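[1] output the structure for:
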Amino acid sequence: MVATFDNVQQLGKEQFEAVSAAAAAVTKGWQSIAAETTDYSKKSFEKSRALAEKLIAVKKIDEAFQLQSDFAKSAYEDFMAEATKLGELYTSLAKEAFKPIETATKAYTNPAE
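    Prediction:
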């Protein structure tokens, strides 16, 4: 009976450590995503401000259209790059968060390995 209690106690400790490691990975992942999003927002705002300054200074309407067109193309490319980067960060977050739980589960379901 004592051996069984010790086994249950060890299992509980391993599961707690796995959940704690997963929570730490999630926290780190969210911090990375927040930092990336903040950086993108700052860059986007700065580019919009620069466009506004350029638009104020134009003398011809076709220059304004060209500036706006170039800005739209650049903004789209930046957005797609950022979406790809965020997708990679979310994927990494999921992998890192489930790694400790997966390891603990494997140890529990296959104790001989």
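
[2] can you say which helix or strand has the nearest residue to V19 once chain neighbours are set aside in it?
    Computed as CB to CB, 6 or more residues apart in numbering, the closest residue to V19 that is not its neighbour in sequence is I101, at 7.0 Å. For every residue, glycine as well, the C-beta is placed using N, CA and C. Taking DSSP states H and E as the definition, one finds I101 inside helix 61-109.

[3] what mean pLDDT would you report for that helix?
    For helix 61-109, mean pLDDT is 91.

[4] tell me the gap between the helix or strand harbouring V19 and the middle of its chain.
    In this assignment (DSSP H and E), V19 forms part of helix 2-57. Relative to the chain's own centre, helix 2-57 is displaced by 6 Å; criterion: CA atoms, centre = their mean, to the nearest Å.

[5] for I61, see how far away Q68 is.
    10 Å (CB to CB, to the nearest Å).

[6] for V58, grab phi and psi.
    phi -70, psi 150 (degrees, to the nearest 10).
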